[in-house]
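Colleague: Structure for the following, please:
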Amino acid sequence: MGKVISLEHPELNCVRIDLDPEQSLEASAKALFNEIWSEDNEDQVAWRGDSRYVPRLVPSHHQQTVTQTGQLASYDANSQKSLSFRSDATYIITGGLAGLGLLVARWMVSKGAKNLVLVGRGSPNETAAFEIMELEMAGAAVVVEKADVSNVTDMARVLHNIENSNIPLAGIIHSAGMLSDGVLANQTWSSFEKVMAAKVQGAWHLHQLTQNQPLEFFVLFSSAASLLGSSGQANHSAANAFLDGLAHYRQVMGLPGLSINWGAISQVGEAAERGADKRAEKRAMGAISPHEFSEALELLMTNSSGSVGVIPIYWSEFIKQSSIPPFFTHFREIYSKSSLTQSTLKAKPHQLFERLEVVSPMEREKLLTNYLQGEVIQVLGISASQIDVQQPLNTMGVDSLMAVELRNRLKTDLGVDVPVVKFIEDICVASLATEVNERITQIDKNQRVEAENIGQLYQNNVKENDRIRGEL
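Modeller: Numbering: from 1, shown residues only. Below is the predicted model of the structure:
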């Protein structure tokens, strides 16, 4: 959740600190004190003994390359093995009646799986029923279990039924999930519970109920939201972070465990229906096609464990974004050399500042209006002809997530912090320009007063020094 706090409220300087549970209380207090007063820009730190650890995103040993059009083009996987599923074993897919679960089911059957148990909270709809029929026509035995994965009694029943079938359970793919998006200021605990039920409770029940069984794989469908953070998805980010931790925990226990941080997947799933691929584009990311999803899943299931992200990122564009945390240091160092320098990236705000300083108040407001028009166009993804500077932003389509993005852009470019609520309270571009102009004027006034105070203090010090020299 801390990653989302950093995105939605960068002014809070949110830092996550993980202290050593084996350290004494005194040592932990000292480490915590030092982190609070640290002047570096690390936003996620773990202490183990006398060692300080920070996370970094690095390429996996079979990183996919991305073409100019954003397609996942090739793999670097010399050790890739062909994947096939046993015909004499049972495989569970939670969320198996939804788009992503059914996509996994089709892929598994194409790779030799003959016995699938699809777990869902309801009965198959017409589309799901048709796809299940196609799987059965392809030679697979498909059992639909109506069960809530977050209910341990339901899942115990599902596993008991598999045991009675005499076709042993060999693997689990936990793809169940639910979304309840909203910025933190509008979130409720019930919204967190709703999202966490399937991810946290469901995954934990599956782990506990099967940890003594010889599974070949235990795959958890996590999200890029837990890896990178995602505005408006604090609950989703936190829930998926649990899956990432569980995969590593199982690894420590000597059990199979793989958590895949999927980026936006096009055409299937609830996220796709909500326009996740469009939101990804604004963050310089692409979407994963169903075919690419299957290819990546096969690659990871034959080569990986722990937590791995599958996200098409346009790095040269991504690193231009206003606030890139240290987590991306590796990629920033690589791509900043081949793209714009940081000084160039800041050219637009600097040039705007220079012009604002020399023009009249009326001209300043006109410049701010033009600047704000450009930012709204980018956030809304519309053309310049669709902008009316007198039309309230909320009627133009600016929602709470877009309001957070606009607020962060203004804070980064102009050093002005306009409350998010202003963007969704019937304010228009023209009124917003006036608001920003007033805040910049106030900042200038405060800076002048501060400079005058410093100047006066300097003069007083000079006089005092002269007096002391005279006495000596």
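Colleague: so who does the residue nearest to Gly95 when sequence neighbours are not counted touch?
Modeller: Distances taken as CB to CB, 6 or more residues apart in numbering put Ala176 closest to Gly95, at 3.4 Å, once the chain neighbours are dropped. In short, each C-beta sits where N, CA and C put it, glycine included. Residues near Ala176 by CB atoms under 8 Å, 6 or more residues apart in numbering: Thr94, Gly95, Ala98, Gly101, Val119, Val149, Ala198, Lys199, Gly202.
Colleague: So which of the residues you listed is the closest to Glu134?
Modeller: Of all those, Gly101 has the smallest distance to Glu134: 14.5 Å, by CB to CB.
Colleague: quick one: buried residues of the helix or strand containing the closest one?
Modeller: If you go by DSSP states H and E, Gly101 is part of helix 99-110. Within helix 99-110, the residues scored as buried using 16 or more other CB atoms under 10 Å are Gly99, Leu100, Gly101, Leu102, Leu103, Val104, Ala105, Arg106, Trp107, Met108, Val109.
Colleague: Can you lay out those residues as TSV showing distance to Ala384 and pLDDT?
Modeller: Below are these laid out as TSV (distance: CB to CB, whole Å; pLDDT from 0 to 100):
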residue	distance to Ala384	pLDDT
Gly99	36	87
Leu100	37	92
Gly101	42	94
Leu102	42	95
Leu103	39	95
Val104	43	96
Ala105	46	96
Arg106	44	95
Trp107	44	95
Met108	48	96
Val109	50	96
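Colleague: Put together JSON lines for those, with distance to Leu243 on each row.
Modeller: Shown next, in JSON lines, are the buried residues of helix 99-110 (distance: CB to CB, whole Å):
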{"residue": "Gly99", "distance to Leu243": "19"}
{"residue": "Leu100", "distance to Leu243": "15"}
{"residue": "Gly101", "distance to Leu243": "16"}
{"residue": "Leu102", "distance to Leu243": "20"}
{"residue": "Leu103", "distance to Leu243": "19"}
{"residue": "Val104", "distance to Leu243": "16"}
{"residue": "Ala105", "distance to Leu243": "20"}
{"residue": "Arg106", "distance to Leu243": "23"}
{"residue": "Trp107", "distance to Leu243": "20"}
{"residue": "Met108", "distance to Leu243": "20"}
{"residue": "Val109", "distance to Leu243": "25"}
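Colleague: how about the nearest residue to Ile324, chain neighbours excluded?
Modeller: Sequence neighbours aside, Arg332 is the residue nearest to Ile324 in space, at 5.9 Å (criterion: CB to CB, 6+ apart).
Colleague: Next, Ile92: secondary structure please.
Modeller: strand (DSSP: H, G, I helix; E, B strand; the rest coil).
Colleague: ok, how many other residues are close to it?
Modeller: Neighbours of Ile92 under the rule other CB atoms under 10 Å: 26.
Colleague: bridging residues for it?
Modeller: For Ile92, the beta-bridge partners are Val117, Ile172 (DSSP bridges).
Colleague: if I look at it, how far off is Gly245?
Modeller: 21 Å (CB to CB, to the nearest Å).
Colleague: swap in Val200?
Modeller: For Val200 relative to Gly245 (CB to CB), the value is 10 Å.
Colleague: neighbour-wise, which of these two wins?
Modeller: Val200 (20 against 15).
Colleague: And that one, how close does it get to Glu317?
Modeller: 34 Å.
Colleague: How about Pro361?
Modeller: 35 Å.
Colleague: which of the two has more neighbours?
Modeller: Glu317 (14 against 10).
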